[in-house]
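Q: Give the three-dimensional model of this entry:
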Amino acid sequence: MKKVLFLGCNHAQLPYLKLLVKAYYVIGTDLNQKAPGAKLCHKFYNVGYLDFEKLIDIARSEGLTSEDYVFTAAEQFAYLGVSAVSEYIGKHWLKRETIELILNKQLFYEYFALNEVPYPETKFICTQSELAQESHKLKPDTNYYLKSDRSKNPLYIYKFDKQEIADIDINWVKDRFLVNGYVLQEEFIGEYFRVNFIKDRLYLFDFQGNRLSSAMEERIIDLGIAETLLNVNNRLLIDALIVKYDVLVNGDDYVVLDIGIDHPSRLSKYYLEMGHNFAEYYTNQYLLGKYLYPND
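A: Numbering: from 1, shown residues only. The predicted structure follows:
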């Protein structure tokens with residue numbers, strides 16, 4: 001029986017875990033020793049998905065090979081653990097540098113610039129003194145955002161105008177959400193869209209997570225947004241997963257705020273409302289490369 005190293009055994013991951021234990025020998029890991037999925041696994045280790053050395057030790061002790069699988073349906077940081085173990089067992093998967101780029105705003109905005117992907121006017125800020133210097137250049141009556149390079153909403157995301165910036169208590173203590181510094185962005189006023197891709201299949205959601213109409217999808221296609229984002233997917237070789245972009249559109253103009261390997265919760269909710277078992281489709285995609293999603 002093939003093995004699956006399953007990273008993250010919390011409530012949101014249970015549908016995937018329940019499916020996989022029926023077909024594979026599942027070795028679960030979670031930082032929470034009492035994670036709800038721990039008892040479902042054939043074997044469980046109390047290890048977090050960022051503890052690469054211990055994850056590799058598990059892979060070694062359990063005899064994982066390139067014929068086995070490393071799976072997660074947890075947050076984006078978990079994919080760093082997937083990449084570390086995949087590299088160790090010789091399994092072809094996303095490189096860690098690619099995931100780091102996706103997680104890091106400074107890196108992916110620089111990548112956007114090289115690949116002609118529009119994004120808000122942005123400055124990179126590494127210290128309080130640099131921020132103080134830039135604050136004199138801010139436009140009056142204009143909102144700005146300060147977001148740490150690996151911020152996770154709402155951690156280390158600040159909104160202010162020129163008059164308010166001096167009163168903002170900004171965190172400068174480095175942790176996994178703040179590696180080097182912040183991006184300072186002028187607010188772009190526009191209509192928000194969450195753009196998801198499964199391969200070249202487009203799914204469009206609003207801020208509340210509701211799927212939008214095919215007419216709105218056509219608008220995204222007509223503006224060239226879909227083509228631009230699919231080109232990024234292809235260049236980064238990330239089209240095997242669910243990729244998400246946060247986009248603001250104003251008339252014929254748009255900016256891309258964020259790129260990510262999306263937690264499948266939005267699409268899961270959508271498909272479950274349609275009466276489909278999303279977990280089955282997603283695990284087939286993730287492990288076997290089979291894109292068997294129903295037409296919608």
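
Q: What helices and strands are in contact with the helix or strand of the chain with the lowest mean pLDDT?
A: Ranking every helix and strand in the chain by mean pLDDT, DSSP states H and E puts helix 265-273 at the bottom, with a mean of 82. In terms of contacts (3 or more Cβ pairs under 8 Å, 6 or more residues apart in numbering; DSSP states H and E), helix 265-273 is packed against strand 191-198, strand 201-205, helix 278-283. Every residue, glycine included, has its C-beta placed from N, CA and C.

Q: could you dump the ones you listed to CSV with mean pLDDT, distance to residue 254 and mean neighbour count?
A: CSV is the format used below for the helices and strands packed on helix 265-273 (pLDDT from 0 to 100; distance: least, Cβ to Cβ, whole Å; neighbours: other Cβ atoms under 10 Å):
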stretch, mean pLDDT, distance to residue 254, mean neighbour count
strand 191-198, 94, 9, 19
strand 201-205, 92, 13, 18
helix 278-283, 92, 28, 20
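
Q: Strands along the stretch 1-150 of the chain, start to end?
A: Secondary structure of the stretch 1-150 of the chain by DSSP state E, counting those that start in this stretch: the strands cover 3-7, 25-29, 43-45, 69-72, 122-125, 144-148.

Q: Can you tell me the strand partners of the fifth one and which way each runs?
A: Sheet pairing for strand 122-125, assigned by DSSP bridges, gives strand 182-186 (antiparallel).

Q: pLDDT of the strand it pairs with, averaged?
A: The average pLDDT for strand 182-186 rounds to 96.

Q: Can you pull out the residues in contact with that strand?
A: 105-106, 109, 120-126, 131, 134, 139, 142-149, 156, 170 (Cβ atoms under 8 Å, 6 or more residues apart in numbering).

Q: now swap in stretch 112-128 and tell me
A: 106, 109, 111, 131, 134, 146, 170, 172, 180-188, 228-229, 231-232, 235, 253-257.
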